[in-house]
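>>> What follows is a protein structure lacking sequence information:
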């Protein structure tokens, strides 16, 4: 932690997303791009700051993005309390990241409030109440996901995870990591291999940090090492989160997830995807139709101002990939578990 | 290129390994840890400097390590020209890296010279002649590998490669990249996706640089993106080098190769391993018996003095993995091609 940062009690990190105050309050985000070297909170008192924080991954993880965006609409009432400001904030925030469906889901809920006929004071109060409801529901969903997923994991299991699907990506506990934390709460001994998750290292920076805070044994590996770990050691399951899941169960998640799923299949290791039901986009069936965000080349070839490639080299930097349902052993949501997902099972599960 | 480095003509990089002078000369290595930001030559005038350069990957790639080690024995004659100094240099250099079999193969050839009854002047001359022979033979082998491999690659192919198996890893042209360079010499249009190759980025730093120097279209990707590229684009083949190959055709190569092979298999894409016959270790049959070098955690979690993980986190950092013969479509050596390798075919090929 840097000297300039506020200090927090040991093993007590601030929440990724929190609302400070009432209707005229502000959104406080933990800047995850600086973790684990530094814990810095960002006061988002304008919609532009919320948009920038989502775009630059200061707040990330599909559920946390949805919560932050919902509060972002409330923030728009701070400088100019009227319906029009909230309307344009809603549209603007939807442009921050294209893949995570929870963003659109949360903004749709805020839009439903905006579609009412309330007076201004009531509108602002209702917007804050709705954002708080989204936040509180996510907390509940994460714990339910944890309980449902923990039933799939035996005591003394070794798991592989990718990116960060933990408390930092949600209201608390997370999705994939909620399963691990719930196993721990139940007294199960779990060990974790955390993929570092290039290009932005959410695995080594965030997942390893969350697991360490809870004293869960974690070993950081480069993404390309997971197959070798599966080949040479006992790995009992892979568990990851998701940013969008189609009606047939194809799951978009952080780039590298698909490679891990192919390797899990090759080694006969169960592959679990844990996500709230708000992650499902039932308007899409085939994962090929999920828009994949392309990000800047510098994330790959010039992180932390290093020179990792010759100048002007061509770089391909998709933020996500799609794992087809055929490679997914089970989807875990707050509602339960969908084994060997198919469109029929997914639609029935969510009905 | 930094101001303090010697300047080289554009598109004309110095060789990875060269010998300057005669019997009392010295070994000059291009420091590959600094590429592509800086081209710096290291004058290795002691055996310790040669050992350090191999250990720290300033010179890397199984064939280049063998050549450097052979010259390292000659360097030992610089300060103290006697058989004993050369004997101990041979033993010492063998401790630098455990996986690349070419190191032991080259040192065995130097040892055979040392086992003679020459007078000192003849011994030193013969050691230099043997090192030069190893160097020259590698050059020839690389071109022969290129010709044999190019027969497997169609015009307008898109290839994926991992790590660096190019001129920098050998006397010139390389092994896997020699195939690509030879295709280019034959007028074939080839495009390449280069895995960045964590943790040391030999793919983005070295392979992308070598391909760029020859105007071969190259796109850098993170290692975890290769599966997504195979899923969403036309990839015609994967081609990589090797550090040790067993009698049944199991191949140790840079960590991440195995994951790529599993993904190639899943997508029905041919997977080729190109290496000189000196890479084969016929004393081993099962790839599980190849010793895998474990390297420092800081390569993974603190490259370029960054903080990519919480302090004291556990890290697993194997330098290599083993791809079983079943996943290898063909082995390419200077002698020809072994399709669907088996122990019988490999032993017949090398006999």
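Structure's in. What do you need? It should be emphasised that the depicted structure is a prediction, and the values quoted were computed from it without experimental measurement.
>>> Give me the neighbour count for residue A:41.
Counted with other C-beta atoms under 10 Å in any protein chain shown, the neighbours of residue A:41 add up to 16. Placement of C-beta: from N, CA and C, glycine included.
>>> ugh, wrong one, I meant residue A:349
What residue A:349 shows, counting by other C-beta under 10 Å, is a neighbour count of 17.
>>> which SS state does residue A:291 fall under?
coil (DSSP: H, G, I helix; E, B strand; the rest coil).
>>> State the distance from it to chain B.
Per C-beta to the nearest C-beta, to the nearest Å, residue A:291 is found 13 Å from chain B.
>>> and the gap between residue A:195 and chain B?
For residue A:195, the distance to chain B equals 8 Å [C-beta to the nearest C-beta].
>>> which residues does the nearest residue in space to residue A:341 that is not next to it in sequence contact?
Sequence neighbours aside, residue A:249 is the residue nearest to residue A:341 in space, at 3.0 Å (criterion: C-beta to C-beta, 6 or more residues apart in numbering or on different chains). With contact taken as C-beta atoms under 8 Å, 6 or more residues apart in numbering or on different chains, residue A:249 is in contact with A:325, A:328, A:331, A:338, A:341, A:342, A:343, A:345, A:346.
>>> Need those residues in CSV (columns: pLDDT).
Listed next are the contacts of residue A:249 as CSV, based on pLDDT from 0 to 100:
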residue, pLDDT
A:325, 98
A:328, 98
A:331, 98
A:338, 98
A:341, 98
A:342, 98
A:343, 98
A:345, 98
A:346, 98
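>>> who in the stretch 1-150 of chain A is up against chain B?
The stretch 1-150 of chain A comes close to chain B at residues A:36, A:37, as judged by C-beta under 8 Å from any C-beta of the partner chain.
>>> Now do the strands in the stretch 1-150 of chain A.
A:17-20, A:26-30, A:41-44 (DSSP state E, counting those that start in this stretch).
>>> Just the pLDDT for residue A:5.
If you check residue A:5, the pLDDT there is 41.
>>> ditto for residue A:98
Residue-level pLDDT assigned to residue A:98 equals 86.
>>> still on that earlier bit, please indicate which of the contacts of residue A:249 are buried?
Among the contacts of residue A:249, the ones that count as buried by 16 or more other C-beta atoms under 10 Å in any protein chain shown are A:325, A:328, A:331, A:338, A:341, A:345, A:346.
>>> got those residues as TSV, with secondary structure columns?
Compiled in TSV, the buried ones among the contacts of residue A:249 are given as follows (three-state DSSP):
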residue	secondary structure
A:325	helix
A:328	coil
A:331	strand
A:338	strand
A:341	coil
A:345	helix
A:346	helix
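>>> what's the closest of those residues to residue B:167?
When the buried ones among the contacts of residue A:249 are compared for distance to residue B:167 (C-beta to C-beta), residue A:328 wins out at 42.9 Å.
>>> check contacts around the closest one.
Residue A:328 neighbours (C-beta under 8 Å, 6+ apart): A:249, A:251, A:261, A:271, A:272, A:273, A:340, A:341.
>>> Make TSV out of those and add secondary structure and distance to residue A:55.
TSV is the format used below for those (DSSP: H, G, I helix; E, B strand; the rest coil; distance: C-beta to C-beta, whole Å):
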residue	secondary structure	distance to residue A:55
A:249	coil	29
A:251	strand	23
A:261	helix	28
A:271	strand	30
A:272	strand	30
A:273	strand	25
A:340	coil	36
A:341	coil	31
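>>> For the spatially most central residue of chain A, grab phi and psi.
Geometric centre of chain A, nearest residue: residue A:61, 2.0 Å, by C-alpha atoms, centre = their mean. Main-chain dihedrals, residue A:61, degrees, to the nearest 10: phi 100, psi 130.
>>> Next up, the contacts around it.
For residue A:61, the contacting residues are A:16, A:164, A:165, A:166, A:168, A:169, A:170, A:174, A:241, by C-beta under 8 Å, 6+ apart.
>>> pLDDT value on the fourth one, please?
As summarised for this prediction, residue A:166 has a pLDDT of 96.
>>> What is the burial count for it?
Residues lying near residue A:166 (other C-beta under 10 Å) number 29.
>>> From residue A:237, how far out is it?
In this structure, residue A:166 and residue A:237 are 17 Å apart, going by C-beta to C-beta, to the nearest Å.
>>> same question, the third one
When distances are taken as C-beta to C-beta, residue A:165 and residue A:237 turn out to be 14 Å apart.
>>> which of the two has more neighbours?
residue A:165 (35 against 21).
>>> how would you label that one: helix, strand or coil?
Going by three-state DSSP: residue A:165 is coil.
>>> If we ignore the residues flanking it in sequence, what's nearest it?
residue A:241 (2.9 Å).
>>> how near is that neighbour to residue B:288?
34 Å.
>>> now swap in residue A:134 and tell me
Distance, residue A:134 to residue B:288, by C-beta to C-beta: 51 Å.
>>> quick one: which of the two has more around it?
The neighbour comparison of residue A:134 against residue B:288 (other C-beta under 10 Å) goes to residue A:134, with 22 against 13.
>>> Leaving out sequence neighbours, find the closest residue to that one.
Residue A:134's closest residue in space is residue A:70 (C-beta to C-beta, 6+ apart), at 4.7 Å.
>>> hang on, the one you found packs against residue A:138?
No: Residue A:70 lies out of contact with residue A:138 (C-beta atoms under 8 Å); the separation is 9.9 Å.
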